[in-house]
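Student: The sequence and its predicted three-dimensional model are supplied below.
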Amino acid sequence: MNRSPFATQSAMQLASILLLSSYSGLRPSSLVRYEIGSSYARVSDVKVVKRGPFDVSIELSIKNLKGFNHISGKAHSQRWIFKSAKKTHNAGLDLSTTLIPLLIDRGVLYEAESGRCVPSADDFISSRQAVFVCHGDSPLFLAGSQVLGALSSEPLTGSAMALQIAALCTQANLPRAGSYAFRHEAGNRMAVMLGAEAAKSALGHGLKGDVTRRYVFDFCCCISETTERRL
């Protein structure tokens, strides 16, 4: 077992990647860097809305979408909203329990109104502020020296993300899976729950016009708000 001081932060990052990928079905290239010079999700793309000590939602703006990267400006984007779990036994499947502590640990989460940096999880829970934003332009997910090693300032790559997921599968005695396994499963689930056309819109296939979809699960509610603007 890796007991380095960096293991907790890198483990929270990996858990956040798994939950994000599972709930949204986003392409890995929308979250991490897939090739030199390509875009990736940044901490500034995250906003946290707090309605109570343990009632929060995470809003993630996805600006790097396959098929639209050649368009200058914010011509196409998706906004995903992940709400906190309602039952305690589902806390392990709650994105806010891993991503928010990760952002706090990295020192990038701030109260939107006061501009004060949130120094700890206790301060976040006790804060009376309703909206929190992330300052800086650093990557949302950082590269590491090993699966649960020290995180660098460089963005996580697609190949490293796939290796981390495969290594985790091996540790859990499961068949090795790649990054796209989550997208395929999410697509199948959306097609069954919402129909093929809604699934295509949520996954960015054949998108036309403005689409708002809601995905409700036993343990989490995710909202995908997809917008296309003509230049």
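Tutor: The structure has been received and is ready for your questions.

Student: For the strand or helix carrying Lys200, which helices and strands make contact with it?
Tutor: If you go by DSSP states H and E, Lys200 is part of helix 196-202. Contact here means 3 or more Cβ pairs under 8 Å, 6 or more residues apart in numbering; DSSP states H and E; on that basis helix 196-202 packs against helix 180-194, strand 211-216, strand 221-228. Any C-beta I mention is one placed from the backbone N, CA and C, and that applies to glycine too.

Student: do that again at 6 Å, thanks
Tutor: With contacts taken as 3 or more Cβ pairs under 6 Å, 6 or more residues apart in numbering; DSSP states H and E, helix 196-202 sits against helix 180-194, strand 211-216.

Student: in the chain, which helix or strand is least confident?
Tutor: Every helix and strand in the chain was compared by mean pLDDT, DSSP states H and E; the lowest is strand 211-216, with a mean of 36.

Student: okay, the longest helix seen in the chain in PDB with CA atoms only?
Tutor: Longest helix of the chain, by residue count under DSSP state H: helix 7-24. The C-alpha coordinates for helix 7-24 follow below in PDB (Å, rounded to 0.1, in the frame of the first residue of the first chain):
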ATOM      1  CA  ALA A   7      -1.300   9.200  -1.700                       C
ATOM      2  CA  THR A   8      -4.400  10.900  -0.300                       C
ATOM      3  CA  GLN A   9      -4.400  13.700  -2.800                       C
ATOM      4  CA  SER A  10      -3.800  11.500  -5.800                       C
ATOM      5  CA  ALA A  11      -6.400   9.000  -4.600                       C
ATOM      6  CA  MET A  12      -9.000  11.700  -4.300                       C
ATOM      7  CA  GLN A  13      -8.100  12.800  -7.900                       C
ATOM      8  CA  LEU A  14      -8.500   9.300  -9.200                       C
ATOM      9  CA  ALA A  15     -11.800   8.800  -7.400                       C
ATOM     10  CA  SER A  16     -13.100  12.100  -8.800                       C
ATOM     11  CA  ILE A  17     -12.100  11.000 -12.400                       C
ATOM     12  CA  LEU A  18     -13.900   7.700 -12.000                       C
ATOM     13  CA  LEU A  19     -17.100   9.300 -10.700                       C
ATOM     14  CA  LEU A  20     -17.000  12.100 -13.300                       C
ATOM     15  CA  SER A  21     -16.500   9.600 -16.100                       C
ATOM     16  CA  SER A  22     -19.200   7.300 -14.800                       C
ATOM     17  CA  TYR A  23     -21.900   9.900 -14.300                       C
ATOM     18  CA  SER A  24     -21.300  12.000 -17.400                       C
END
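
Student: quick one on the thing from earlier: please state the offset of the helix holding Lys200 from the chain centre?
Tutor: Distance of helix 196-202 from its chain centroid, counting by Cα atoms, centre = their mean, to the nearest Å, is 20 Å.
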